Structures are given as C-alpha cells and as structure tokens.
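**Student:** Here is the input, now give the coordinates:
(chains A and B)
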Amino acid sequence: MASNAAVPFWRAAGMTYITYSNICAKHVRNCLKEPFKAEALNRENVHFSISKWVDGKAEKPILRSDTPGV
Amino acid sequence: MAMAVFRREGRRLLPSIAARPIAAIRSPLASEQEEGPLGVRSISTQVVRNRMKSVKNIQKITKAMKMVAASKLRAVQGRAENSRGLWQPFTALLGDNPSIDVKKSVVVTLSSDKGLCGGINSTVVKVSRALYKLNAGPEKEVKFVIVGEKAKAIMFRDSKNDIALSVTELNKNPLNYAQVSVLADDILKNVEFDALRIVYNKFHSVVAFLPTVATVLSPEVIEKESEIGGKLGELDSYEIEGGETKGEILQNLAEFQFSCVMFNAVLENACSEMGARMSAMDSSSRNAGEMLDRLTLTYNRTRQASITTELIEIISGASALEAAK
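**Tutor:** Residues are numbered from 1 along each chain as shown, chains lettered A, B, ... in the order given. Reported below is the predicted structural model:
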C-alpha cells in the first residue's frame, strides 16, 4: 500500500513501471545475506547494444552494460 | 570461436571445390592425368587426400558445435519453460489480440546474433513481413524493432526505412530478467505504439519451433477495447485496490506485460536457436561423414588402379623382354 502514494512521483520523474519495479527488485536483492547476495547480483548482468535508426540508417549504437571494462 | 574456425575452414575448402568441380570424385583418373607433370604415369592421390583431411576437420568442428549447442540448450530450456508462467496470467487477464486493428503497430522481431542455426531467423523475418503487409495501409504505420544481428542483416535489404530500433549482443551474458526489462524499457521509451507485436520462435521440442506472435496493447487501446466489450469487457469486473485510477493501473500492467512477454520470447528464441543449431550441426556432421565415405572409396579405387597399372607395366615389360630372347 505504501507504494501507492509514490506512483505520481516516479511517473513524473519519467520512469516506467519497469524501471520502478527494477529499482524495487534491486533493493530487495540488497537485503539478501552474503553468499546469496553476490550470487543474485552477479546473475542480473545487463549487456546489450541498441541503436536508433533514422531514414534507413543506423545511428551509433549505445552500449548498455554493467560489465566493467567493456 | 568454433564458428570462426569453421568459417575459415569453409573458405579454404571452397576455391578448391570451385576450381575442380567434383571432378576429384567423379573421374579422378582423367583429371589427375591432365594435371600431373608430363611423363609421370602414376596417379597422384594428393588432392583426394587433402580433401579428405579438410572434410574430416569440418566434421570435427560441426560435432563440437553440436555438443556446445546441446549443453547450452539444456541450460536455457529449463529457464524458458519456467518463464512461461510469467506471461500466462497476463494473457488470462488481458487476452491476446493478434487481429486487433490499430494505427501504430510496432513489430518486434527476435532473432539470433549468430548463424548456422537452420531457418529460424528467416521464418521470423517472413512472419514479420507478413505482419507488416497485414497492418500497413493508409493512415496506418508499422515500424520494426529488430533484436539480433541476423534479422537486421535480412531486413536491412528491403525495409530499412521502417526500422526504428535495432538491438544486438543480447546473448553475451546468460539471459536474465534485469537485462530484458532494461531492453523493454528502452523500446517503450523510444517508439510510439498502439500495439506491439513480438515475433519469435516458440520452442516446442529440439526439432520443432513455431513462429509465434505475441501482442501487447497500449493502455489506451486496452481501455477502448474494454469499453466496447468483447473479450476485454470482463476487465471491469475486477476490483481495483488502492487509490489508482483504471488508466494508471492499465499503464503499469501494459508496461509490465511487455517486459514479461519479452523475457519469455527472448528465452524461447534462444532455446529454439540452440535446438536448431543442434539439428543443423547434426545433419552437417552426417553429411560430412557421407562425403568422407565417398572420398575414401575414390581414394582407394585410385590407389588400386595405380597399383594395377604398375603391375601391368611390369608384367608386360617382362614378357616383352622374354619374347625378345
């Protein structure tokens, strides 16, 4: 119920429900105890590259990755 | 890695095939005699031996790729089957409306980054094109969002003006929900849509993949549809807790539905890719085996023929000497 009051705020900040739920999930994962916490954090690695297309040409791809050094 | 080796091997093999079109198999005698240096009568088996060696190497590589695909498949199959529970409640609540008629459609085509996996990428592209034809029209707009290198390469040829976004390198780490949800978020923010149609290969078994379309509607369209009635009309019978309006709830639901459906679709597609690669590599190692058998037969025949020729020469030489005495 507590989250209901927050709805207009994260919407106003330009977040979608997906971002919001991901942030919540991240907080829950941070509450785990140690061996499980590292495991859960390692599992959720983001890595892909996305590029927008304008007039039939791909723009420079943007890399979304949490892997350091890539 | 294995694929790069395979490609290199293939390139090395191709010119040798092109230069001597199967002549090495069909009539080794004729072709070898033409090629051999003048005055040498014995038949060289070098060419056949070299081809045997390269075919054997290719077979080894395809076998290894099959093993790799099989072990990856086992890992991803369980996850794909578990992820089916994510979209099923959404379909129960909001229904799946592939036939809905809207102004702005976005076709999300899922394919693989790597090749050598049979026809799964061309089938999704075919289905996406069919969807494009079905939904395009005056005052109607269809855009493509392409995931994976392979579909991008095919779509680039004829519908590059309709591509809105392309995504690659999704399979670098093991697929997980966080990754797919960030991707879904990016797609939602970058394209305008009334309906998202996600095209992917649904995994049935190692040899059967169904090209599937999952439809995700925008909250406005859901609201409109539920007012008209029909399958979405039951939506009003649900009670909403808390202070949110129906519109807000629907928006949240639609966004979450998209990321869940995407997650399942990406997993199913990865699973189909591995299965397809497994069967493709299986048949190519079988073909390599057959080719090897044929080449071995040719090789042995040639060898025997050269031995016979030499024997005849010796015997006839000896008898000629005897007759001269």
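
**Student:** residues from chain A in reach of chain B?
**Tutor:** Where chain A comes near chain B, counting by C-beta under 8 Å from any C-beta of the partner chain, the residues are A:1, A:4-5, A:7, A:11, A:16-19, A:21-22, A:25, A:43-53, A:55-58, A:61, A:63-64, A:67. C-betas here are computed from N, CA, C, even on glycine.

**Student:** Pull out the buried residues from the residues you listed.
**Tutor:** Among those, those scoring as buried are A:7, A:16-19, A:21-22, A:44, A:46-53, A:64 (criterion: 16 or more other C-beta atoms under 10 Å in any protein chain shown).

**Student:** quick one: low-confidence ranges for chain A?
**Tutor:** A:1-7, A:67-70 (pLDDT under 70).

**Student:** list the contacts for B:Glu141?
**Tutor:** Shown in contact with B:Glu141 (C-beta atoms under 8 Å, 6 or more residues apart in numbering or on different chains): B:103-105.

**Student:** which bits of the stretch 51-200 of chain B sit near chain A?
**Tutor:** Applying C-beta under 8 Å from any C-beta, one finds that the stretch 51-200 of chain B approaches chain A through B:160-161, B:163-170, B:172-174, B:176-179, B:181-186, B:188-190.

**Student:** again, 6 Å this time
**Tutor:** Within the stretch 51-200 of chain B, the positions near chain A by C-beta under 6 Å from any C-beta of the partner chain are B:160-161, B:163-170, B:172-173, B:176, B:178-179, B:181-182, B:184-186, B:188.

**Student:** Now tabulate the contacts of B:Glu141 in a markdown table and tack on secondary structure, neighbour count and pLDDT.
**Tutor:** Shown next, in a markdown table, are the contacts of B:Glu141 (DSSP: H, G, I helix; E, B strand; the rest coil; neighbours: other C-beta atoms under 10 Å in any protein chain shown; pLDDT from 0 to 100):
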| residue | secondary structure | neighbour count | pLDDT |
| --- | --- | --- | --- |
| B:Lys103 | coil | 15 | 88 |
| B:Lys104 | strand | 17 | 90 |
| B:Ser105 | strand | 23 | 91 |
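
**Student:** Mind checking which of the buried ones among the residues of chain A next to chain B land in helices?
**Tutor:** Judged by DSSP state H, helices contain the following of those: A:7, A:17-19, A:21-22.

**Student:** Any buried residues in stretch B:210-221, and which?
**Tutor:** Buried residues in stretch B:210-221, counted by 16+ other C-beta under 10 Å: B:211-219, B:221.

**Student:** Measure how far it is from the centre of its chain, please.
**Tutor:** From the chain centre to the centre of stretch B:210-221 is a distance of 23 Å (C-alpha atoms, centre = their mean, to the nearest Å).

**Student:** Name the residues that touch it?
**Tutor:** If you take C-beta atoms under 6 Å, 6 or more residues apart in numbering or on different chains as the criterion, stretch B:210-221 is touched by B:96-98, B:102, B:123-124, B:127, B:193-202, B:250-251, B:254, B:257-258, B:261.

**Student:** now do 7 Å
**Tutor:** B:96-98, B:100, B:102, B:123-124, B:127, B:131, B:193-202, B:204, B:247, B:250-251, B:254, B:257-258, B:261, B:265 (C-beta atoms under 7 Å, 6 or more residues apart in numbering or on different chains).

**Student:** quick check: mean pLDDT across it?
**Tutor:** The average pLDDT within stretch B:210-221 is 90.

**Student:** May I have it as CSV, with CA atoms only?
**Tutor:** The C-alpha trace of stretch B:210-221 is given here as CSV (Å, rounded to 0.1, in the frame of the first residue of the first chain):
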residue,chain,number,x,y,z
LEU,B,210,6.7,-22.5,-34.0
PRO,B,211,7.0,-18.9,-35.2
THR,B,212,4.7,-17.1,-32.8
VAL,B,213,3.3,-13.6,-32.5
ALA,B,214,2.5,-12.2,-29.1
THR,B,215,0.6,-8.9,-29.0
VAL,B,216,0.9,-6.3,-26.3
LEU,B,217,-1.6,-3.4,-26.5
SER,B,218,-1.0,0.1,-25.3
PRO,B,219,-3.1,1.1,-22.2
GLU,B,220,-5.3,3.4,-24.3
VAL,B,221,-6.2,0.7,-26.7
